[in-house]
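Asks: Sequence first, predicted model second:
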Amino acid sequence: MQPQDVAQRPAASSSAGPAVDVEQAEAALVEHYPRLVRLAYLVLPPGSGRSRRVLTAHALTQRALPRSRTSAPVIPAQSTGRAADPGYALVRLKVLRAALEAGRPLRRGAWPKRAQLPPLLPQVWGLRLFPRSGGAEELALDQRLGELSGAGRAAYVLRGLERLPDAEVREALTGAGVADPDAALREADRVPAQHRLLGSPEFDPCALQARPTDLLRRRQHLKAALVAGAALVVCGALLGLPGEGWGPDGAAAPPYAQNPAAQAALEPGQLTRVAPGAWKTSARTDFSVWPARGDGVDDDALLRRALAVWAHPGERVQVSATPGTPTGGPAGPPQLLYAGTVDNARVVILHDGLRIARYAEPKEGADGAALDFARVDGAGRAEASAVVLSRADGNVRYLTAPWVRSAGERDLREPEAAAMDLPLTDGVTSPLASPALQQGACSSWNVLELTDGTGTRLVTDLGEVVPAHLTAGRPSAPREASGAAALRTWAPYACSLTAMRAAGVRSVNAWAFAEQPMPGAQAAQGGSAALPGAAAATGQWVCTRGETWRGEGARVLAQFRTPGGAAGAVTAKAEDVPACGARSPHVLAGVLWKAEETGTWHLLAAGSRDVASVTATGGVRGTAQGNLLSVEAEQGARADLEGTLKDGGTIRGLG
């Protein structure tokens, strides 16, 4: 007999255990609540953000209480030598199953399960809650776990946090609905067994830090909600008025009003079309001088559907927009950039001066139409070099600017390798692998290399209509990332670009702001391949900053790479701060590091060159003149960093 409340899952290998009443389950949940929430937090996918992940973990755990007397699975609560607690085994199974369901993507045509929906409770208004940041090891482990599937993470956590042997892990995964527990165990084997780190405060969603949300954005959202409410009342009144109506056009919905000027903007004949050579004599080099290209520029039926859907998208249309991008219809006739057939879809790309709108529909019918928006106001030559035309089968095609002479594909993780040529057909590239679509571990990061009359630049697909422009160097004077030195700077940190996805990022700059000697004569071994001689044992600090099209919400990561390490580890991150940017070209960050040779822990901190001294307080205390600090510390210690700038100002540690 299977446990109750487990529908449509493979049968467990063991029979049901003793019955557990609600009171017994509640006692187990209350007693072991911190452990259960930690389990849910570790199994949930990290891509949802730490604050959302915390609230979801608490919600799933609180919903694990059964509604009636239930049979417990015959799986020991923990392999610790004490008697098994059937109440704990039951609620743990329900928490595990819910966390796995929450991590599965929504499927078209299927109702979402309760765990896949945002939790109604608990809710915290005006605050972001997240665990305290751990050291480099914890951050590296979190990144490695994020590369696993939900079942792989669950297998790792059941082994490490619950101390279950593999046979009992298989039973627990089978009871939670995992189709292939053996594959999940093999996947977990790929992550080093650093089980002690699972007890770190980095993964404790019950010991939280609180920070305010974006106060200006909250105020703007409140105003927008009031305006939207007033507009809804007006639209409701207009809907009650008599009129002739307007039938659907393709995937478009009927309009709410028939404003003559707005209707004129939906006529294909009114579209703005720029002459092919206009960019050569124009004072501007942006999207406004792109000519109309594609085999469908004269297909009035396709253009009419695209314009109608832009103005009034129907329920069948999938609409997406980068943060801060309005999705309303065009105020006047937009500019046509492209119309034609790409792969298995018909695509129309339009520009209204503020936004790029991309309409796509399958070759047969209008079901499955999509409408995507991206802000491009203030775009220059670099940002207006390309737009994403289509994504299919893990690949992406771009439409390039008319001034682009050649295109290539380059793996950002292989700085010494040459770029592979990409043929251009009427400005459209052949397909190249998209890092925004890659699954599993980040083994490569393919970027688009574009060459025009002014130089060569790199752009990367971050899952939006407009790719992000990559640069390197000091924020006050960044240079193109296509140079040899810039490519070497970017190579160990390319995979950190995953943190910039779906944020409306305009450009990303990588700045190697410090190099730090590692403590100890054999410090070069610090978790990496040994380097010859202590003199070469220096770690590298890099700050990556993603600027957004809307000006606010910039994402900043401080990363540290140990000597000989293949990739950097994120040590601190922040959002909407001036650090590492042109307005404030300063940064200070720290990390706990363990010397393999001696087993001693150290706090390593580094600032940019204009930092005159660094001070650590809190769990670790120390002061150093210059921009580097190294102090012995205890494992798990917490420190607050502050630096004094050479001009007398102060700077606090990032994060």
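Replies: That came through, no problem. Residues are numbered from 1 along each chain as shown.

Asks: Please make it C-alpha for all contacts and neighbour counts, starting now.
Replies: OK.

Asks: Residue 93 contacts residue 175, correct?
Replies: Yes: Residue 93 is in contact with residue 175 according to C-alpha atoms under 8 Å; the separation is 7.1 Å.

Asks: per the record, what domains does this protein have?
Replies: Domains of the chain are assigned by automatic domain parsing as 16-212, 260-379, 381-466, 475-652.

Asks: okay, those domains in CSV with mean pLDDT and mean neighbour count next?
Replies: Below are the domains of the chain laid out as CSV (pLDDT from 0 to 100; neighbours: other C-alpha atoms under 10 Å):
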stretch, mean pLDDT, mean neighbour count
domain 16-212, 80, 19
domain 260-379, 90, 19
domain 381-466, 94, 19
domain 475-652, 88, 20
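
Asks: Show me the longest strand that occurs in the chain.
Replies: Under DSSP state E, the strand in the chain containing the largest number of residues is strand 505-517.

Asks: Pull the strand or helix carrying residue 97 out as PDB, backbone CA atoms only.
Replies: If you go by DSSP states H and E, residue 97 is part of helix 86-102. C-alpha atoms of helix 86-102 as PDB (Å, rounded to 0.1, in the frame of the first residue of the first chain):
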ATOM      1  CA  PRO A  86       7.200   7.900  11.400                       C
ATOM      2  CA  GLY A  87       5.700  11.400  11.800                       C
ATOM      3  CA  TYR A  88       8.900  13.000  10.700                       C
ATOM      4  CA  ALA A  89       9.300  10.500   7.800                       C
ATOM      5  CA  LEU A  90       5.800  11.500   6.600                       C
ATOM      6  CA  VAL A  91       6.200  15.200   6.700                       C
ATOM      7  CA  ARG A  92       9.700  15.000   5.200                       C
ATOM      8  CA  LEU A  93       8.300  13.000   2.300                       C
ATOM      9  CA  LYS A  94       5.600  15.600   1.700                       C
ATOM     10  CA  VAL A  95       8.100  18.500   1.900                       C
ATOM     11  CA  LEU A  96      10.400  16.700  -0.500                       C
ATOM     12  CA  ARG A  97       7.600  16.000  -3.000                       C
ATOM     13  CA  ALA A  98       6.300  19.600  -2.900                       C
ATOM     14  CA  ALA A  99       9.800  21.000  -3.400                       C
ATOM     15  CA  LEU A 100      10.400  18.800  -6.400                       C
ATOM     16  CA  GLU A 101       7.000  19.800  -7.900                       C
ATOM     17  CA  ALA A 102       7.800  23.500  -7.300                       C
END
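
Asks: need the contact list for residue 415.
Replies: 484, 487, 488, 491 (C-alpha atoms under 8 Å, 6 or more residues apart in numbering).

Asks: now do 6 Å
Replies: Applying C-alpha atoms under 6 Å, 6 or more residues apart in numbering, we find residue 415 in contact with 487, 488.

Asks: how would you label it: helix, strand or coil?
Replies: coil (DSSP: H, G, I helix; E, B strand; the rest coil).

Asks: Each with direction, which strands does the longest strand of the chain pair with?
Replies: strand 468-472 (parallel), strand 538-548 (antiparallel) (DSSP bridges).

Asks: Save those as JSON lines, and put in distance to residue 346 too.
Replies: As requested, the strands paired with strand 505-517 are arranged in JSON lines below (distance: least, C-alpha to C-alpha, whole Å):
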{"stretch": "strand 468-472", "distance to residue 346": "24"}
{"stretch": "strand 538-548", "distance to residue 346": "29"}
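
Asks: out of these, which comes closest to residue 21?
Replies: Nearest to residue 21 among the strands paired with strand 505-517 is strand 538-548 (52.0 Å), distances taken as C-alpha to C-alpha.

Asks: List the contacts of stretch 488-504.
Replies: Contacts of stretch 488-504 (C-alpha under 6 Å, 6+ apart): 322, 323, 412, 413, 415, 462, 548, 567, 568.

Asks: what about it, start to end distance?
Replies: 26 Å (C-alpha to C-alpha, to the nearest Å).

Asks: Over to stretch 499-513?
Replies: 20 Å.

Asks: Please enumerate the strands of the stretch 501-650 of the chain.
Replies: 505-517, 538-548, 555-561, 569-575, 588-594, 601-607, 611-618, 622-625, 628-633, 639-645, 650-652 (DSSP state E, counting those that start in this stretch).

Asks: Kindly apply the preceding question to the stretch 1-150 of the chain instead.
Replies: Using DSSP E, counting those that start in this stretch, strands in the stretch 1-150 of the chain cover 16-20, 70-73, 127-131.

Asks: how about residue 651, what does it touch?
Replies: Contacts of residue 651 by C-alpha under 6 Å, 6+ apart are 642, 643.

Asks: Quick check: residue 307 is in a helix.
Replies: Yes: the assignment for residue 307 is a helix, going by three-state DSSP.

Asks: Distance of it relative to residue 173?
Replies: 49 Å.

Asks: next one: residue 297
Replies: 54 Å.

Asks: Kindly report the same for residue 468.
Replies: 40 Å.

Asks: what's the answer for residue 151, then?
Replies: 7 Å.

Asks: What ranges does this structure have for its helices?
Replies: 22-31, 33-43, 50-62, 86-102, 136-146, 150-160, 166-175, 181-188, 215-239, 260-264, 278-281, 300-311, 484-490 (DSSP state H).

Asks: distance between the last one and the chain's centre?
Replies: Going back to what we said before, that points to helix 484-490. How far helix 484-490 lies from its chain's middle: 23 Å, per C-alpha atoms, centre = their mean, to the nearest Å.

Asks: now do the first one
Replies: How far helix 22-31 lies from its chain's middle: 36 Å, per C-alpha atoms, centre = their mean.

Asks: What of stretch 313-328?
Replies: Worked out by C-alpha atoms, centre = their mean, stretch 313-328 lies 19 Å from the chain centre.

Asks: measure that stretch end to end?
Replies: End-to-end distance (C-alpha to C-alpha), stretch 313-328: 10 Å.

Asks: With stretch 313-329 instead?
Replies: Start-to-end, stretch 313-329 (C-alpha to C-alpha) is 9 Å.

Asks: again, but for stretch 384-404
Replies: Terminal-residue distance, stretch 384-404 (C-alpha to C-alpha): 10 Å.

Asks: could you redo the strands of the stretch 501-650 of the chain as a markdown table and give each row distance to residue 423?
Replies: Below are those laid out as a markdown table (distance: least, C-alpha to C-alpha, whole Å):
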| stretch | distance to residue 423 |
| --- | --- |
| strand 505-517 | 25 |
| strand 538-548 | 29 |
| strand 555-561 | 34 |
| strand 569-575 | 36 |
| strand 588-594 | 43 |
| strand 601-607 | 44 |
| strand 611-618 | 47 |
| strand 622-625 | 54 |
| strand 628-633 | 48 |
| strand 639-645 | 50 |
| strand 650-652 | 48 |
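
Asks: Residue 161: which of the ones you listed is closest?
Replies: strand 588-594 (22.2 Å).

Asks: Which neighbours in the sheet does that closest one have, and how are they oriented?
Replies: Partners of strand 588-594, by DSSP bridges, with direction: strand 601-607 (antiparallel).

Asks: Kindly calculate the angle that the strand it pairs with makes with strand 555-561.
Replies: Orientation of strand 601-607 against strand 555-561 (axes from the mean of the first three to the mean of the last three C-alpha atoms, to 10 degrees) gives an angle of 130 degrees.

Asks: Check the offset of strand 601-607 from the chain's centre.
Replies: 27 Å.

Asks: Only alpha carbons, please: show it as CSV.
Replies: Output in CSV follows, covering the C-alpha atoms of strand 601-607 (Å, rounded to 0.1, in the frame of the first residue of the first chain):
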residue,chain,number,x,y,z
TRP,A,601,40.8,29.7,7.7
HIS,A,602,41.5,33.3,6.6
LEU,A,603,39.4,36.3,5.8
LEU,A,604,40.6,37.7,2.5
ALA,A,605,39.4,41.1,1.5
ALA,A,606,40.3,43.4,-1.4
GLY,A,607,39.4,46.8,-2.6
